[in-house]
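> Based on what follows, work out the 3D shape:
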Amino acid sequence: MIHDIANTIVSYIGDWGYIGIFLLMFLESTFFPFPSEIIMIPAGYLAYQGEMNIYIIVLVGILGSLAGALLNYYLAVTLGRKFLIKYGKYFFIKEQTLTKLDTFFAKHGEISTFTGRLIPGIRQLISLPAGLARMNIAKFSLYTAIGAGIWVVVLVGVGYLVGSNEALISEYLKSATLIALVSVALITVFYILRNKKRRKILED
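You can find the predicted model right below:
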């Protein structure tokens, strides 16, 4: 079944070209449960076949991811905050919670946005708390693009290297996901230790 879906996506991307990749990655980065694996891996395979340019694929994939993330961000800014302030008490979310969220993202928004883009199931949702906290839009865009860019390069690379071999794709994806999660853990630990050291220096 996965093979059939992948073949269908390949045909669609072949028909729509780079615009198709942008639109599909835009959807993947919003609320739609649309895995980026079935977009960027086939695109990488098309690059291997010489039908598309691998650098443009990566660029368009990143731009699509960023555009979708920005949509979530602005929805959270314009609608989410007003909704939570008005109805949050029914979900046990107080206005003080939003204040704490603001403070957290003011201090740790960059690392949260970057690492969040590398975690399956979180990458589409990290834009929402960033928007609720009104994280600086330039920083949000930068760290979203970096995090999304790393994942896009990994997926395109898998497609380019292993083509349509389902077994190898599954194996490479598991390894890539594990490496991403371990990297997130290490980056987080390093970030915490660095902050502790910095606070200690300031206190001294």
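> Contacts only, for the residue most central in space within the chain.
Residue closest to the average C-alpha location in the chain (CA atoms, centre = their mean): residue 117, at 3.3 Å. Taking CB atoms under 8 Å, 6 or more residues apart in numbering as the contact definition, residue 117 lies against 65, 123, 126, 143, 144, 146, 147, 148, 150, 151. For glycine as for every other residue, the C-beta is placed from the backbone atoms N, C-alpha and C.
> out of those, what pair is the most spread apart?
126 and 150 (14.2 Å; CB to CB).
> more neighbours, the two?
Neighbour count, other CB atoms under 10 Å: between residue 126 and residue 150, residue 126 has more, with 25 against 16.
> While we're on the spatially closest residue to that one that is not a sequence neighbour, how confident is the model there?
Closest residue in space to residue 126, ignoring its immediate chain neighbours: residue 116 at 3.2 Å, by CB to CB, 6 or more residues apart in numbering. Residue 116 carries a pLDDT value of 83.
> Does residue 154 touch residue 176 like I think?
Yes: assessed by CB atoms under 8 Å, residue 154 is found in contact with residue 176 at 4.9 Å.
> and these two? which has more neighbours close in?
More crowded of residue 154 and residue 176, by other CB under 10 Å: residue 154, with 23 against 16.
> same question for the helix or strand encompassing the more buried one, mean pLDDT?
Residue 154 is part of helix 137-162, with elements assigned from DSSP states H and E. The average pLDDT within helix 137-162 is 90.
> try stretch 72-89
73.
> Find the least confident helix or strand in this protein, judged by mean pLDDT.
When the helices and strands of the chain are scored by mean pLDDT, DSSP states H and E, helix 81-87 comes last with a mean of 64.
> where along this structure do the helices fall?
2-28, 37-48, 54-75, 81-87, 95-116, 127-132, 137-162, 166-203 (DSSP state H).
> Quickly, which of these bottoms out on average pLDDT?
Among the helices of the chain, helix 81-87 scores lowest, with a mean of 64.
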